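K.L.:
Provided below are the primary sequence and the corresponding predicted coordinates.
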Amino acid sequence: MCELESIIHLNKSIIAKNYMDYTIKLKNNFNSITISIGNYENNFQLEYFHNLGVFQSILKLDNLIDSIIKLIDKNEIKIEKNELNLILIIKKLKLKLILNEKSEEKKYIQSINLTYKATIYAHKGNIWSMAIFPSGNFVSVGEDKSIIIFDNQYNILQTIQNAHSQAINYVNIKDENNFITCSADKNIIIWKKIGGGFILKEKIINAHENNICKVIFLHNEKIISCSFDCLVKIWELNNKNKHEFVIALTHSNRIVSTLYLEDKKLLITSGENETRFWNILNYECIKCLNDVECCSSDALRRINNDNIIVAYDGLIKVISINEKKVIKKIDNYLIVWCICVLEEIGIFLTVGVGSKNIRIYNNENYQCIQTIKGTHNDDIIGIINLNNNLIASYSFENIIKIWYISENKI
């Protein structure tokens, strides 16, 4: 190992002033290093250059770690500095640690390419919701009371006619073999895959007193539903392996959407006139944001680790999760019916009533990158991410369109 010359780039900004007082530590997971210089300390991820044969085995990396830990003699480390980097050279290992003092200049998305792939004609009424399975298969529900399951080549695998007695408002997927639907008929149904198709597993009759807008699975078999009856209901499995109502959370007006943030231990509920933050451990309301409204089940989204976005009419509000307050307002001009976040590209898309266009925004600065016009011949109801840079949009034409999306950066 000592005969190899290797260069490790540590792509983090540093603000060290005294470059002669240093410490080097390495963690046991073989992929991070702590550099302490003066009062400054930070962890850096090692970038492995396998093509150099340096880190082709844990044994070699382990030897490298042991060697650096045992390296006490300050004379063995040479420090160089240029306009961009601070470089630590470990002489006896012929190893360079390059710390970028200046963050790499960010490349901002200049424009989006949306390439048409396919049109799916399947429903006989408006499509109100879609969801994707882990396999890439997806499901749609709508006004015609039917559930249609597609494979990732857009072929119909199964159609469940009259799955509810009225329009189906929302579908949420738990895993490859389970999904849940809710309806204007006030019922919630859990569907389970048996053999080659899905069958009704459990039906919660009159789950709410009014139209149920959204229902979602939680990882612990709990269910959360919201309705025009101004209630969010929490459902848990009983000893008969059936879901029973355990607690209700109330708003002053009808509720149309919920968002569960497991890592933050928060449930966010939104609808007419207000958005509320709830502690998921005790279901206490932590914060109520008046005049932060939501117009539909998919107009409340998490945009990144720190922020959520909620839309009502033509106004999108960015809310800090930690501060629980509005930090930015975006004028979308038209009613936002659905928001789709594509984290892998760094954008979110909006569609809505009164528009045949898709508006695209940057996730970081919330600037509108572009408006893609004429994607449908009627108002677009929703849009979802199908993974692998594919998205699906659905409109009042009762059709689904598949698009390939890519970005141009500068």
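P.N.:
That came in fine, so what should we check first?
K.L.:
in a strand, residue 144, correct?
P.N.:
No - using DSSP: H, G, I helix; E, B strand; the rest coil, the secondary structure at residue 144 is coil, not a strand.
K.L.:
so it touches residue 122, yeah?
P.N.:
No - using C-beta atoms under 8 Å as the test, residue 144 is too far from residue 122 to be in contact (9.5 Å). (Glycine included, C-beta is placed from N, CA and C.)
K.L.:
what about those two, which has more around it?
P.N.:
Using other C-beta atoms under 10 Å, the more surrounded residue of residue 144 and residue 122 is residue 144, with 20 against 17.
K.L.:
quick one, what contacts that one?
P.N.:
123, 124, 125, 167 (C-beta atoms under 8 Å, 6 or more residues apart in numbering).
K.L.:
which SSE is the third one in?
P.N.:
What that stands for is residue 125. Residue 125 belongs to no helix or strand when assigned by DSSP states H and E.
K.L.:
residue 143 is in contact with that one, correct?
P.N.:
Yes - Residue 125 is within contact range of residue 143, at 3.3 Å (criterion: C-beta under 8 Å).
K.L.:
which neighbours do these two have in common?
P.N.:
With C-beta under 8 Å, 6+ apart, residue 125 and residue 143 have common neighbours residue 167.
K.L.:
those two: which has the busier surroundings?
P.N.:
residue 143 (17 against 14).
K.L.:
is it true that that one touches residue 164?
P.N.:
No - with contact defined as C-beta under 8 Å, residue 143 does not count as touching residue 164 (10.7 Å).
K.L.:
so which residues of the chain form helices?
P.N.:
Using DSSP state H, the helices of the chain run over residues 58-69.
K.L.:
what about it, any weak spots by pLDDT?
P.N.:
1-108, 409-410 (pLDDT under 70).
K.L.:
for it, longest strand please?
P.N.:
strand 109-121 (DSSP state E).
K.L.:
quick one on the thing from earlier: just the buried ones from the contacts of residue 144?
P.N.:
123, 167 (16 or more other C-beta atoms under 10 Å).
K.L.:
got TSV for the contacts of residue 144, with distance to residue 319 too?
P.N.:
Below are the contacts of residue 144 laid out as TSV (distance: C-beta to C-beta, whole Å):
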residue	distance to residue 319
123	33
124	38
125	34
167	30
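K.L.:
out of the contacts of residue 144, the closest to residue 354 would be?
P.N.:
The shortest approach to residue 354 among the contacts of residue 144 belongs to residue 125, at 19.8 Å (C-beta to C-beta).
K.L.:
quick one: contacts for that closest one?
P.N.:
Applying C-beta under 8 Å, 6+ apart to residue 125 gives the contacts 142, 143, 144, 167, 398.
K.L.:
excluding its backbone neighbours, what's nearest residue 380?
P.N.:
Distances taken as C-beta to C-beta, 6 or more residues apart in numbering put residue 351 closest to residue 380, at 3.8 Å, once the chain neighbours are dropped.
K.L.:
residues near the one you found, how many?
P.N.:
27.
K.L.:
swap in residue 332?
P.N.:
Around residue 332 there are 18 residues (other C-beta under 10 Å).
K.L.:
how is the protein carved up into domains?
P.N.:
6-100, 109-409 (automatic domain parsing).
K.L.:
from those domains, which stretch is densest packed?
P.N.:
Of all the domains of the chain, domain 109-409 carries the top mean neighbour count, a mean of 18, counting by mean count of other C-beta atoms under 10 Å.
K.L.:
quick check: the gap between the closest residue to residue 354 other than its chain neighbours and residue 142.
P.N.:
Nearest residue to residue 354 in three dimensions, chain neighbours excluded: residue 334, at 4.8 Å (C-beta to C-beta, 6+ apart). Noted for residue 334: a distance of 22 Å to residue 142, by C-beta to C-beta, to the nearest Å.
K.L.:
ok, and the closest non-adjacent residue to residue 389?
P.N.:
residue 405 (5.4 Å).
K.L.:
tell me what the one you found is bridged to.
P.N.:
residue 114 (DSSP bridges).
K.L.:
that one reaches residue 116, doesn't it?
P.N.:
No - counting by C-beta under 8 Å, residue 405 does not reach residue 116; the two are 10.9 Å apart.
K.L.:
name the residues that touch stretch 385-393?
P.N.:
117, 130, 132, 136, 138, 152, 340-342, 344-345, 349, 351, 358, 375-376, 380, 382-384, 400-406.
K.L.:
which ones among these lie within strands?
P.N.:
Among the contacts of stretch 385-393, DSSP E puts 117, 130, 132, 138, 340-342, 349, 351, 358, 380, 382-384, 400-406 in strands.
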